[in-house]
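Colleague: Only the shape, not the letters, is given here:
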Ligand SMILES: CCCCCCCCCCCCCCCC(=O)SCCNC(=O)CCNC(=O)[C@H](O)C(C)(C)COP(=O)(O)OP(=O)(O)OC[C@H]1O[C@@H](n2cnc3c(N)ncnc32)[C@H](O)[C@@H]1OP(=O)(O)O
């Protein structure tokens, strides 16, 4: 029901509010009317008064500065000379014509790209969002301490570079909304130019979007140097002018629920800006976002191989209308500890010096992965995971040194790893994970409750945060309601004459499983290395023709820990384009050793002097 224009300050759902209180979180959709002063009007129109009182920032428009940039001019001239030399004619008029063509193109690229961020538009949109968001989200939850940390970071005067995981179109809206309402300068956000659609494109541009091509060089093998130079110069100018910047390092929304491998193009510009002294430092802020229910529908069509549908004005209107009339539960946003770019680069230099001496060159020509950027304690040949190298900077003409590429890639991977391991686990993630991986044939409610408690405990000890608390039966029912009867069904089954139990089952048709696994995959980052080690153990076991000897209820495994470790490393190499297994500043070998130690601690594996013994459970 439309809530009218008299403004709501009471929790929409008091049970939800209680959960937030317990976890020390804050629903940012609620405005404390008491803070707005005692005036009747400011209490009644607290949203209006909130947006009115926001800190005013200047958002300089930079198109003119960029057009006049000397380095950009040089790239344009170089491109014109290149084209002119291909014609093979000596005629100044022809050259002038080509040059003008390139200049006109650069100007058009720039005007299509630039943001027109406006303080007024931000305030109006913020007010509108206070009205609209509660219609389809029960809460948008952030940690006040994290917001305070951002305010402190923003007070340093350094540019903040927000690097969120991308799950939904709501991500960037809510990030800007939170920043704005906490008096932090709103960022310029890199948007794919597929979003430059009528009306919405204009609106997004005014709210901070700058539009980029999703593929730098649409024609394979031909570098679009002019485009690259415009983008590079524009971003440099933005940093110089004190703008904060945001971009989705994964390059698009995840279709599977698991983190995508990062893209280095825009990040390389930020690193360049520090390296060439344009900025003295920048604070990189990884941001994790998660939704109880995904607002953008599902990606099943695309997962089944059908092409992505283009964004259009009418499609956007239809989606907004359908979103406004549904319930998507809670959205959770976590701002992680900002990294100083200067510190990152310094520590990379320090670590990498010794690493470059200890590592063995990769035969595939891919260079060394930053996965091994910290040198081993006992220098031994390090297994290198292949990466696809870039040989030139985004600027298009500079040759990029290998170390620069490694720094960018290492930072990018670190950010994605941090974001995915600090993503709060929602009720829907936990329920989908258990139903798909443990109880595909269904499970009675009591057993599911037990499994949820155990999962929660395991994740808690591993340092994961949750988007749910309270009675587990309620949590499961809430998750099942949100997932909907198309994915999970609950039915009462007769257990004995006068006893019936609730059975929870996932639908196991392919499209339903794909959709459910989107929710479940949020937990992949937590289990992936364990799974690799277990797969290594089983593979070694099944490769042995003799049945394993038994000692009591334990099987004796005829191989050493080193063999398991080596096999696990090989598996990681196979899966390197699917997962980031550990932080780049940590050795993969160490991470695998830690998994084995955990297995011994949990008595999944027992260790004897000659071999390993493991419980078949
Ligand atoms: C009040 C509230 C208001 C609320 C309301 C606010 C809303 C207001 C905002 C709306 C905003 C919408 C936001 C939508 C969300 C998206 O649209 S997400 C999609 C768009 N964003 C992104 O993709 C960002 C991340 N992507 C990148 O950085 C990509 O690299 C690029 C720049 C798009 C290029 O991608 P690509 O063409 O696939 O090429 P890629 O392989 O990455 O490399 C390109 C070049 O980068 C350089 N490069 C790549 N890797 C490296 C490396 N490791 N080291 C150095 N250089 C490197 C090289 O020069 C490379 O060229 P080559 O050497 O390969 O020739």
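Modeller: Everything's here; your move. These numbers were taken from a predicted model, which means no experiment stands behind them. Numbering: from 1, shown residues only.
Colleague: mind listing what the residue sitting nearest the centre point of the chain touches?
Modeller: Centrality entry for the chain: nearest residue to the mean C-alpha point is residue 165, 1.6 Å, by CA atoms, centre = their mean. Counting by CB atoms under 8 Å, 6 or more residues apart in numbering, residue 165 touches 171, 248, 250, 254, 259, 287-289, 416, 419-420, 423. Backbone N, C-alpha and C define where each C-beta goes, glycine included.
Colleague: same question, residue 473
Modeller: 445, 449.
Colleague: go on, the one 10 residues further on?
Modeller: Contacts of residue 483 were listed using CB under 8 Å, 6+ apart, and they are 293, 428, 431-432, 516, 519.
Colleague: Tell me the pLDDT of it.
Modeller: Note for residue 483: predicted pLDDT of 94.
Colleague: Check residue 39 too.
Modeller: 75.
Colleague: what about it, distance to residue 270?
Modeller: When distance is defined by CB to CB, to the nearest Å, residue 39 is 44 Å away from residue 270.
Colleague: The two: who's more crowded?
Modeller: Taking neighbours as other CB atoms under 10 Å, residue 39 and residue 270 compare with residue 270 leading, 24 against 10.
Colleague: does that one really touch residue 341, like I thought?
Modeller: Yes - if you go by CB atoms under 8 Å, residue 270 and residue 341 touch, sitting 6.9 Å apart.
Colleague: if I look at those two, which residues touch both of them?
Modeller: 161, 282, 284.
Colleague: Confirm that the last one sits in a strand.
Modeller: The one in question is residue 284. Yes - using DSSP: H, G, I helix; E, B strand; the rest coil, the assignment for residue 284 is a strand.
Colleague: so which strand or helix has residue 333?
Modeller: Assigning secondary structure by DSSP states H and E places residue 333 in strand 330-335.
Colleague: On the C-terminal side of the host helix or strand of residue 526, identify the next helix or strand.
Modeller: In this structure, residue 526 is located in helix 524-543 according to DSSP H and E. Using DSSP H and E, the helix or strand that directly follows helix 524-543 along the chain is strand 550-551.
Colleague: For this protein, give the helix that spans the most residues.
Modeller: In the chain, assigned by DSSP state H, the helix with the most residues is helix 92-113.
Colleague: which parts of it are buried?
Modeller: Within helix 92-113, the residues scored as buried using 16 or more other CB atoms under 10 Å are 95, 98-99, 102-103, 105-106, 109-110, 112-113.
Colleague: How is the protein partitioned into domains?
Modeller: Per automatic domain parsing, the structural domains of the chain span 13-25+51-424, 427-522, 523-614.
Colleague: Can I get these in CSV including distance to the ligand?
Modeller: Below are the domains of the chain laid out as CSV (distance: least, CB to the nearest ligand atom, whole Å):
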stretch, distance to the ligand
domain 13-25+51-424, 2
domain 427-522, 18
domain 523-614, 12
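Colleague: rewinding a little: could I get the buried residues of helix 92-113 in a markdown table, plus columns for pLDDT?
Modeller: Below are the buried residues of helix 92-113 laid out as a markdown table (pLDDT from 0 to 100):
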| residue | pLDDT |
| --- | --- |
| 95 | 90 |
| 98 | 94 |
| 99 | 94 |
| 102 | 95 |
| 103 | 95 |
| 105 | 95 |
| 106 | 96 |
| 109 | 96 |
| 110 | 96 |
| 112 | 95 |
| 113 | 96 |
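Colleague: pretty sure residue 289 is in a strand, no?
Modeller: Yes - assessed by three-state DSSP, residue 289 belongs to a strand.
Colleague: Pairing partners for it in the sheet, please.
Modeller: For residue 289, the beta-bridge partners under DSSP bridges are residue 333.
Colleague: who touches it in this structure?
Modeller: Residue 289 neighbours (CB under 8 Å, 6+ apart): 164-165, 167-168, 171, 174-175, 331-334, 423.
Colleague: Got the confidence number for residue 605?
Modeller: The model's pLDDT for residue 605 equals 82.
Colleague: If you could redo that for residue 28, that was the one I meant.
Modeller: 83.
Colleague: which SSE is residue 505 in?
Modeller: strand 499-506.
Colleague: Can you get me the centre-to-centre distance for that strand and its chain?
Modeller: 36 Å (CA atoms, centre = their mean, to the nearest Å).
Colleague: Format the domains of the chain as TSV; extra columns: distance to residue 45.
Modeller: Shown next, in TSV, are the domains of the chain (distance: least, CB to CB, whole Å):
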stretch	distance to residue 45
domain 13-25+51-424	9
domain 427-522	31
domain 523-614	43
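Colleague: need the strands for the stretch 401-550 of the chain, in chain order.
Modeller: Assigned by DSSP state E, counting those that start in this stretch, the strands in the stretch 401-550 of the chain fall at 443-444, 488-496, 499-506, 550-551.
Colleague: now those strands as TSV including mean pLDDT and mean neighbour count?
Modeller: Shown next, in TSV, are the strands of the stretch 401-550 of the chain (pLDDT from 0 to 100; neighbours: other CB atoms under 10 Å):
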stretch	mean pLDDT	mean neighbour count
strand 443-444	95	18
strand 488-496	88	12
strand 499-506	92	16
strand 550-551	76	11
